[in-house]
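Colleague: turn this into a model:
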Amino acid sequence: MILPIEVHGMFATNAYFYISDKTNSGFLIDPGAEAGRLLHIVNEYGFTIEKILLTHGHFDHMGAATSIRNRLHAPIYMHANGEKYATNPEWNLSRNYGLNIILHDVNYLEDGDEIVSDVDEDFRLKAIAVPGHTTDGVMYYSAKDHAAFVGDTIFKESFGRTDLHGGNEWTLLESIKQKVLTLPDDTILYSGHTEQTTVAEEKSRPWYAQ
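Modeller: Numbers count the residues shown, from 1 in each chain. Predicted coordinates for the structure are as follows:
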């Protein structure tokens, strides 16, 4: 099951529950805000959240992670380049909005690492580094479910901005062309701020042609 939930903090951001239909256990991706609401959904559906996964270290994707981790005892994971974002409110942009978000006790992933369910070894996501929007951008890919959780790397008909800390447009476009658009055409892309799209749809965009 993939259950998208739009949460509202300073911005509207898509959080995703990626849950095994067999065990009702799985992962919560990018809990950016509204911890209480997300916890209510966990209770309503009877989900077991094993791990909290972050696509990158901007505050609107991780703002509720600590509260949820503390309540559910689910560890937080992000790419190894994310430490500066996790620990620096200027880099994660929370300081720009009068906040001071810092993440502690984060588990850091390397490119190619697999996040595997504790109760169903066939339920897993592969972490694929996609820097450019930030230096720590990572997408979580399931070949079995034809799904990729791409954060702000790529949107429907657009891609993430590159004028923030660690951003680089050339790097981002290369990440998209070499990592995202080389996935099977029927892969559904679940982004941080737009409706879902597919690899096939995004291949047609002119900004990826060169």
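Colleague: quick one, helices of the protein?
Modeller: 35-45, 59-62, 65-72, 83-87, 169-175, 199-203 (DSSP state H).
Colleague: as TSV, these with distance to residue 145 would be great.
Modeller: The C-beta positions use only the backbone N, C-alpha and C, and glycine is treated the same way. Below are the helices of the chain laid out as TSV (distance: least, CB to CB, whole Å):
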stretch	distance to residue 145
helix 35-45	18
helix 59-62	21
helix 65-72	23
helix 83-87	28
helix 169-175	22
helix 199-203	14
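Colleague: closest to residue 116 out of those helices?
Modeller: Nearest to residue 116 among those is helix 65-72 (18.2 Å), distances taken as CB to CB.
Colleague: winner for burial among the helices of the chain?
Modeller: The highest mean neighbour count among the helices of the chain, using mean count of other CB atoms under 10 Å, belongs to helix 59-62: a mean of 27.
Colleague: centre of the chain to it, how far?
Modeller: Centroid displacement of helix 59-62 relative to its chain, using CA atoms, centre = their mean, to the nearest Å, is 10 Å.
Colleague: and residue 210, what pLDDT?
Modeller: pLDDT for residue 210: 60.
Colleague: for the helices of the chain, which one sits closest to residue 100?
Modeller: In terms of CB to CB, the element of those nearest to residue 100 is helix 59-62, at 9.7 Å.
Colleague: hang on, isn't residue 78 packed against residue 57?
Modeller: Yes - when contacts are counted by CB atoms under 8 Å, residue 78 is listed as touching residue 57 (6.2 Å).
Colleague: what do the two both touch?
Modeller: 85, 86, 136 (CB atoms under 8 Å, 6 or more residues apart in numbering).
Colleague: dump those residues into a markdown table; add distance to residue 37 and pLDDT as well.
Modeller: Shown next, in a markdown table, are those (distance: CB to CB, whole Å; pLDDT from 0 to 100):
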| residue | distance to residue 37 | pLDDT |
| --- | --- | --- |
| 85 | 24 | 97 |
| 86 | 23 | 97 |
| 136 | 26 | 98 |
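Colleague: for these, give me CSV that also has distance to residue 167.
Modeller: Shown next, in CSV, are the shared contacts of residue 78 and residue 57 (distance: CB to CB, whole Å):
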residue, distance to residue 167
85, 12
86, 17
136, 11
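Colleague: right, and residue 72 touches residue 38 too?
Modeller: No - using CB under 8 Å, residue 72 makes no contact with residue 38, being 9.8 Å away.
Colleague: which parts of stretch 130-150 are buried?
Modeller: Residues of stretch 130-150 classed as buried: 130-142, 147-150 (neighbour count, 16 or more other CB atoms under 10 Å).
Colleague: so what's the residue positioned nearest the centre of the chain up against?
Modeller: Nearest to the geometric centre of the chain sits residue 55, at 2.9 Å (CA atoms, centre = their mean). Going by CB under 8 Å, 6+ apart, residue 55 touches 29-30, 61, 137-140, 149-153, 192.
Colleague: okay, now the unreliable bits of this structure?
Modeller: 210 (pLDDT under 70).
Colleague: quote the end-to-end distance of stretch 71-84.
Modeller: 25 Å (CA to CA, to the nearest Å).
Colleague: stretch 14-23 now?
Modeller: 24 Å.
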